[in-house]
Every structure is written in C-alpha cells, then in structure tokens.
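What follows is a predicted protein model with its sequence.
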Amino acid sequence: MRTLLNLCVLTSGNDQLCANSAHKWFFSAFLGLMICHSGRASGQAGLLDPSFEVGFTGRNQAILDIHVLPNEKILATGLFTEYNGQAFKRIVRLQPDGQIDSSFDPGKGANGSIWDLAVQADGKVVVAGDFSKFDGRARPGIARLHADGSLDTAFHPDFGPNTFIYAMAVQADNKIVIGGYMEDLDDIEMPYLIRLQPDGSIDMLFDPFLINRPPNFMVIQKDGKFLLGGSLSMLNISDNAYLIRLNSDGSLDSLYKIGRGLNYRVTSAATLKSGKILAGGWFTKVQGASRNFIVQLNADGSLDTLFNPILGPNDIVNGLAVQEDGKILVVGDFTEYDGVSRRFIARLHPDGSLDPSFHHKDVGLVGLLIAVGLQQDGKMVVGGDYNDLDNNELNLVRLHNDHTGIVESWVPLAEMHAYPNPTSGNALLPITLQAPAAVRVQVTDMLGREVHSADLGLLPAGTANVELKTSGLNSGMYLYKVFVGKGYLSGNLMVE
C-alpha cells in the first residue's frame, strides 16, 4: 500500500507551486500548503484555533490532502469513509469555518484512497489514487468531478482495473500529467509517466524520458517544465538521481545541472518566485555536500550555498511550503531543528535558519500531521490522523498564524457582486469603500493564473463601478479580487 500527500502553494505573485508525495505507508507526515493573501490572525502562531469545527473521520482514516479553493472553501481527501458522522467516501468539501459544505455531493465517492487532487481553471476537480470506481462507475485510478462534486462522465481514461496513480499535475491547457502504475484495457503495463488529453484520452505526442520507477511527486514550474521526485532515477544515466526535471514535452531538460544529485529519496519540492527549488526528504547529501533532509537549489539545479541550516532537522522532512513572506513551513519525523525542540513541524527563515516565533509545543497533536492549507486570514488548517494529549482523536484542526495586514475599509463580500454573471463579455463590479483607499482589481482563473488586473489608484469613499475585462476569455469559472492594502475580498464570475 502507498500513501500520497499533496503540496500546493499560491503566492501573492500568483505563482502556483504544487507538489505531491506518494510513498509507503510508514512515512509519517506531510505538509501541503496553499498561500492566499495575508490577514490578521489572533493568537500565538502555532496554537489551536477553537473557533474552527474540529473534523473527525475515524481511527486510521487519515486526511491525506487539503486544497484551499480561491473562495476559501476547503477540499479534503484521504482514506476516510465518513466525516463528522456523515458518509463521505474519501472526499469532502468544507466551508471556511470547518462546517460541511452540503452543496458539494460526490455521491458514493471513491471505493479506494484518494491521494492527490487538483483543480482545473474551470473549477472541475481531478482526483487520483488507488480506487477503481467513483460514485459506482468504473474510474481506475483517476476521475474528474464537476464543481458540485458530481462525476464528469465526459472524462473517462481507458485504464485497466489495476491502475494506481500516485502523482499528477494539471497543465495550463488542462492536459493532465500523471505518474503511477498504469495498465491498459488488455492488462498491458504502460509507462510510469503519461499525459492525458482534457477528455481523458492518452496524449500520444507526449514522449517522456524513461524512468525506473513511478514519480512520487510532481511540480509544474511557471515555464511549463516539471520536476519529478521520489525514489526514481533515469534509465542509463547515473546523475539526476531522485530529483529530475523534464521539459513540457517530457524530454530531459539539458539546462538542469544537478550533477551527482541526492543520495536518497526526495518526498516533496516547491519552486520559488526566483526559480530556486526547495526539496525535502530522506537525503543527507546533495552533490556531495552535507545537507540533512532539506536543501535549496538554484534554478539551474546547482546547490544554493546561501541556504545552509546549522544542523537542520534531526530526521526526515516529508513536506514543505513557502509563505508569502518567504518563510518556510516544514513537517516530518523530526523532533529538533538546529538543535532546538520542534516536534514534527517548524517554520524557517528564508536562509534555512529556525524561526523561533512559531512554536506549536502547546498544541499537543500526536500522530500524523499530513496536510495543511492556509486560509485568507493566515490560519492553517491541518489534516492527518492524530490525537491530542488527552487521546481525543482528531483529523482536522486549525492553527493560528501570525500574518498581519488585513484592511477593513470596505463593505462585506456579500454586498459586492459582479454583473452580469454569467457574462459573455466584460462585467461591472460595484465596490463601496468606507474611507479613501488605494484599490487594485484582479481576475484569475481557478488555478490562480492572472488574466486581468488594473491599478485604480486612490479612490474616494463611496461606490464606484469597476470594469472587469473578461471579454475573449475561455468559458469557465474565474475569480475576481479587490485589493485594499494587503487584504482583499473576492467573488466568482462565470464566463460563457
């Protein structure tokens, strides 16, 4: 049995950084993080937030992946068959405060674990794992859902029943790169890495470089290139072990000079806005240099010597993510970082040194911390399979963070609506300010890619109509945001 855990980061610069990590069941922790924009969070960073409804799925029924959507709702997937006493097989969507979102109905759900999920630009949700059916219909290893949770019957890959998909990533054109053990309808094994067309058929133009094992995680960079990692290496090439970069067509990236590579398994990675690469795992050496369980590489794959923790973690790092301010969250099997007590989770400065202001010693979570999503106000939603110190079983909680900067100079979101909605051209957005403020608007697709933005400068108090230039965009769901200072309010806009 294998377990896949996911990482997804959305930065203020609209860089989406995604990784996922499939590995054997005895791996103990993973962190997946989506950075939205900063808000004001009360309480010390790392402590439990009692205002969030604690989620419970049952013993050994872990939450493996959390994805915070642009509208702040939370998708969670994993091993579970119920959530807070209601039947939800391996996938559930929650309101921002942890309440179950009843408008998302996946029917019978998946008949096996869901390890990875991705959200397309049109709002559809792709899930992957070791299931063979979704909502009672044959979908070996992968399925696509409508935004309301129902099965998208137009997406139907022709895989055999023994297909297990550990890692996937949705490209800008909605093609899906997947990695795992796959077979066709004649039970013939397929390559470990393939690409699907948006309808689920195999993209025969994708010809990836041969690897000796399925990838355990996948990161698509902003330039379309993608990182693969895990226990894999390339056939007939001794370099590039455990962390490989391919061009968008699957060919080997000749500009990636990782040289001797790493000396052991990589479990997660993320790319920074600078193009640098963070990686965590089981390794202790990178390109011959000592690097205990965490490393930062330059964009060309060479070792970044400026990122050099004193001691680093004392055991395996299974997940990492980058905050908007450049600080780094890591989780794993470690109990210390740089010789200081940090049980399973720590936050680092951008140079790799420990950030002492983040300490969860009073949280008392014991077990697997597997997935985390950061909400608009900076608070962290943590999923997994764990208990508190009183042995109360938990699967989803929320921790305080210490981001600041939310601006409250506008009316509530409920009073801000774009019209017409749906629209076949441009839309208007009336915004009301309670005081003069500098305003910027932005429209992104559901993957966070910017399609329109405008700096409106300093606006007076009162109401103004802002034009959202959506004419000519592909049909689908988009997210509009109004920024005042470092805070924002947002809404959805359907383009026909």
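Looks like it came in fine.

Break this protein down into its domains, please.
2-399, 413-495 (automatic domain parsing).

Please identify the most buried of those.
With neighbours taken as mean count of other Cβ atoms under 10 Å, those reach their highest mean count in domain 2-399, at a mean of 20. Yep, even glycine has a C-beta here, placed from its N, CA and C like the rest.

follow-up on the earlier one: for the domains of the chain, give me TSV that also has mean pLDDT.
As requested, these are exported to TSV (pLDDT from 0 to 100):
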stretch	mean pLDDT
domain 2-399	81
domain 413-495	78
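
and Val92, which of the three is it?
Three-state call for Val92 (DSSP: H, G, I helix; E, B strand; the rest coil): strand.

Make sure it is actually in contact with Phe104.
Yes: under the contact definition of Cβ atoms under 8 Å, Val92 touches Phe104, with a separation of 7.5 Å.

For stretch 66-76, measure first residue to last.
End-to-end distance for stretch 66-76: 5 Å, by Cα to Cα, to the nearest Å.

try stretch 76-87
First residue to last in stretch 76-87 (Cα to Cα) measures 14 Å.

I'd like the distance between Ser475 and Val441.
Distance of Ser475 to Val441, given as Cβ to Cβ, to the nearest Å: 21 Å.

My error: substitute Asn308 in the last question.
Note on Asn308: its distance to Val441, by Cβ to Cβ, is 41 Å.

Repeat that for Phe293.
Phe293 is 42 Å from Val441, by Cβ to Cβ.

repeat for Pro106
Taking Cβ to Cβ, one finds Pro106 at 34 Å from Val441.

same thing with Met204?
Separation of Met204 from Val441 (Cβ to Cβ): 42 Å.

can you check Thr267 too?
39 Å.

what do you get for Gly280?
37 Å.

now swap in Thr153 and tell me
Distance, Thr153 to Val441, using Cβ to Cβ: 36 Å.

same thing with Glu72?
Between Glu72 and Val441 the computed distance is 18 Å (Cβ to Cβ).

Tell me what Val330 is bridged to.
Leu320, Ala346 (DSSP bridges).

which residues touch it?
Residues in contact with Val330 (Cβ atoms under 8 Å, 6 or more residues apart in numbering) are Leu31, Gly280, Ile294, Pro313, Val317, Gly319, Leu320, Tyr337, Ile345, Ala346, Arg347, Leu348.

any idea which of these is closest to Ala147?
Leu31 (26.2 Å; Cβ to Cβ).

Identify the residues contacting Leu205.
Here Leu205 is in contact with Asp249 (Cβ under 8 Å, 6+ apart).

And what about it, helix, strand or coil?
From three-state DSSP, the assignment for Leu205 is coil.

ok, it to Asn174 distance?
The value you get for Leu205 to Asn174, if Cβ to Cβ is used, is 15 Å.

Check Gly224 too.
Remark: distance between Gly224 and Asn174 (Cβ to Cβ) = 14 Å.

Ala270 now?
22 Å.

for Gly160, same thing?
Gly160 is 24 Å from Asn174, by Cβ to Cβ.

In terms of secondary structure, what does the helix or strand containing Ala167 contact?
Remark: Ala167 resides in strand 164-170, with elements defined by DSSP states H and E. In terms of contacts (3 or more Cβ pairs under 8 Å, 6 or more residues apart in numbering; DSSP states H and E), strand 164-170 is packed against strand 2-10, strand 16-24, strand 114-119, strand 125-129, strand 176-181, strand 217-220.

Parallel or antiparallel, which strands does the fifth one pair with?
Translated: strand 176-181. Strand 176-181 sits in its sheet next to strand 164-170 (antiparallel), strand 193-196 (antiparallel), going by DSSP bridges.

Give me the distance from that strand to the chain's centre.
With Cα atoms, centre = their mean, to the nearest Å as the basis, strand 176-181 stands 17 Å off its chain's centre.

Mind exporting the C-alpha coordinates of it to CSV?
Extracted in CSV, the C-alpha atoms of strand 176-181 (Å, rounded to 0.1, in the frame of the first residue of the first chain):
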residue,chain,number,x,y,z
ILE,A,176,-3.0,16.2,-17.1
VAL,A,177,0.4,14.6,-16.5
ILE,A,178,0.1,11.5,-14.3
GLY,A,179,2.5,9.1,-12.7
GLY,A,180,2.0,5.7,-11.3
TYR,A,181,1.5,2.0,-12.2
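
who does the helix or strand where Thr432 lies touch, helix- and strand-wise?
Assigned by DSSP H and E, Thr432 belongs to strand 427-433. Where contact means 3+ Cβ pairs under 8 Å, 6+ apart, strand 427-433 is packed against strand 437-445, strand 462-468, strand 476-484.

Run the chain-centre distance for that strand.
31 Å.

That one to strand 462-468, inter-axis angle?
150 degrees (axes from the mean of the first three to the mean of the last three Cα atoms, to 10 degrees).

what inclination does strand 427-433 have with respect to strand 476-484?
Using the same axes, to 10 degrees: strand 427-433 against strand 476-484 is 30 degrees.

Return the alpha-carbon coordinates of strand 427-433 using PDB.
Below are the C-alpha coordinates for strand 427-433, written out as PDB (Å, rounded to 0.1, in the frame of the first residue of the first chain):
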ATOM      1  CA  ALA A 427     -18.500  42.700 -16.400                       C
ATOM      2  CA  LEU A 428     -19.000  45.500 -13.900                       C
ATOM      3  CA  LEU A 429     -18.200  45.300 -10.300                       C
ATOM      4  CA  PRO A 430     -19.600  48.000  -7.900                       C
ATOM      5  CA  ILE A 431     -17.300  48.400  -4.900                       C
ATOM      6  CA  THR A 432     -18.000  50.500  -1.900                       C
ATOM      7  CA  LEU A 433     -15.300  52.000   0.300                       C
END
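
and the residue nearest to His67 when sequence neighbours are not counted, what is it in contact with?
Excluding its sequence neighbours, the residue lying closest to His67 (Cβ to Cβ, 6 or more residues apart in numbering) is Leu75, at 4.4 Å. Taking Cβ under 8 Å, 6+ apart, we find Leu75 in contact with Asp65, Ile66, His67, Val68, Leu69, Ile91, Val92, Arg93, Leu94, Leu117, Val119, Val125.

and Leu75, that one's in a helix?
No: counting by three-state DSSP, Leu75 is located in no helix; its state is strand.

Need the strands paired with strand 176-181 in CSV (columns: distance to Val219).
Shown next, in CSV, are these (distance: least, Cβ to Cβ, whole Å):
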stretch, distance to Val219
strand 164-170, 7
strand 193-196, 14
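
Compare these and give me the one nearest Asp184.
Counting by Cβ to Cβ, Asp184 lies closest to strand 193-196 out of those; the figure is 10.5 Å.

where's the closest one relative to the chain centroid, distance-wise?
The chain centroid and the centroid of strand 193-196 are separated by 20 Å under Cα atoms, centre = their mean.

returning to what we had before: how close does the residue nearest to His67 get to Thr267?
22 Å.

still on that earlier bit, report the distance from the strand holding Ala167 to the chain centre.
Centroid separation for strand 164-170 versus its chain: 13 Å, with Cα atoms, centre = their mean.

my read: Phe159 touches Met182, true?
Yes: the pair formed by Phe159 and Met182 meets the contact definition of Cβ under 8 Å, at 5.8 Å.

Break down the stretch 301-450 of the chain into its strands, ranges please.
For the stretch 301-450 of the chain, applying DSSP state E, counting those that start in this stretch gives strands covering 317-322, 328-332, 336-337, 340-341, 345-348, 366-374, 380-387, 393-399, 427-433, 437-445, 450-459.

In a markdown table: those, plus distance to Tyr419.
As requested, the strands of the stretch 301-450 of the chain are exported to a markdown table (distance: least, Cβ to Cβ, whole Å):
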| stretch | distance to Tyr419 |
| --- | --- |
| strand 317-322 | 36 |
| strand 328-332 | 39 |
| strand 336-337 | 51 |
| strand 340-341 | 54 |
| strand 345-348 | 42 |
| strand 366-374 | 31 |
| strand 380-387 | 32 |
| strand 393-399 | 34 |
| strand 427-433 | 6 |
| strand 437-445 | 15 |
| strand 450-459 | 16 |
